[in-house]
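[1] structure for this input, please:
(one chain, ligands or ions: 1)
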Amino acid sequence: MIRRPNVVITGANRGIGLALAQHYAGAGYDVTAIVRRSSPQLEAIATTIIDGIELTGAQGIAAVAAKLKRQAIDLLLNVAGIMQWETLEELNFDKVRTQLEVNALAPLALSTALIPNMGEGAKIVFLTSRLGSIADSTSGKGYGYRISKAALNMAAKTLSVDLKSRGIHVGLLHPGSVKTSLNKLGGQIEVSESVAGLTARINELSAETSGKFLHQNGSELAW
Ligand SMILES: NC(=O)c1ccc[n+]([C@@H]2O[C@H](COP(=O)([O-])OP(=O)(O)OC[C@H]3O[C@@H](n4cnc5c(N)ncnc54)[C@H](OP(=O)(O)O)[C@@H]3O)[C@@H](O)[C@H]2O)c1
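    Sure thing, here's the model as predicted:
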């Protein structure tokens, strides 16, 4: 029997993560959502919801790995993230550390914990941000967010190299400036536009594009 493709998504209760979950459910995937708390919209479409998962710290990651033990994963989408937009005057290292934990260390920890579930052709995607581009850092502020996404970019790029021989492809995708509650700068595009681009890029993700830092519109971003 041919099994349905599946996707595992963090941060799937709201925002871009929810819209990605809705897209893949509509496309016939089994959707496993990893969340701190569920939402009615998520409950309407997810196949499996693993809730109560705080992604920072080893306990949450170990709980997810235990629940998904022996389940093959086709696509892992690391979407959960936070943004605190501190100015130089507001710089607070506890906040910087928290953003680093949530935005860079947690997705790397989850992805590496789930590598045993993935075979050739599987994909791991990280939602990164252009605000993590050092080359494009021209407007100041946002120390913790920028540092955390730059760190995520390095983690994901390195993972793409390490997973090349296993045929697992790694995507680093900037969703655009999207109108969600995370975006402290307002946002320029709707979630639907972002998800249309993100899912096209995920579809195209291959050995050739693995490890590239891409905008959802397909353009390559400078590190
Ligand atoms: N929106 C944009 O313009 C934009 C631009 C560039 C990149 N991104 C990236 O895209 C991703 C999604 O952003 P969004 O705009 O959809 O944000 P959002 O609507 O604020 O959703 C954030 C999600 O992350 C989850 N989350 C946050 N901290 C967590 C933690 N410690 N453990 C588990 N889950 C946690 C939230 O869960 P709770 O509901 O439990 O808080 C929520 O599901 C993020 O990685 C973000 O950095 C967004």
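[2] what count of nearby residues applies to Ala150?
    20 (other C-beta atoms under 10 Å). Bear in mind the C-beta positions are built from the backbone N, C-alpha and C, glycine included.
[3] and what about it, helix, strand or coil?
    Secondary structure state of Ala150, per DSSP: H, G, I helix; E, B strand; the rest coil, is helix.
[4] if I look at it, how far off is the ligand?
    12 Å (C-beta to the nearest ligand atom, to the nearest Å).
[5] now do the contacts for that residue.
    Listed by C-beta atoms under 8 Å, 6 or more residues apart in numbering, the contact set of Ala150 reads Gly132, Ser133, Ile134.
[6] if we use 6 Å, what do you get?
    Gly132 (C-beta atoms under 6 Å, 6 or more residues apart in numbering).
[7] do you know the pLDDT at Met1?
    Per-residue pLDDT puts Met1 at 72.
[8] same question, Ser111
    98.
[9] got it, and the one 10 residues further on?
    According to the per-residue confidence, Gly121 scores 98 in pLDDT.
[10] secondary structure class of it, three-state.
    Once three-state DSSP is applied, Gly121 turns out coil.
[11] can you list the residues of this protein near the ligand?
    11, 13-17, 36-37, 54-56, 79-83, 102, 127, 129, 174-175, 177-178, 180-183, 187 (C-beta under 6 Å from any ligand atom).
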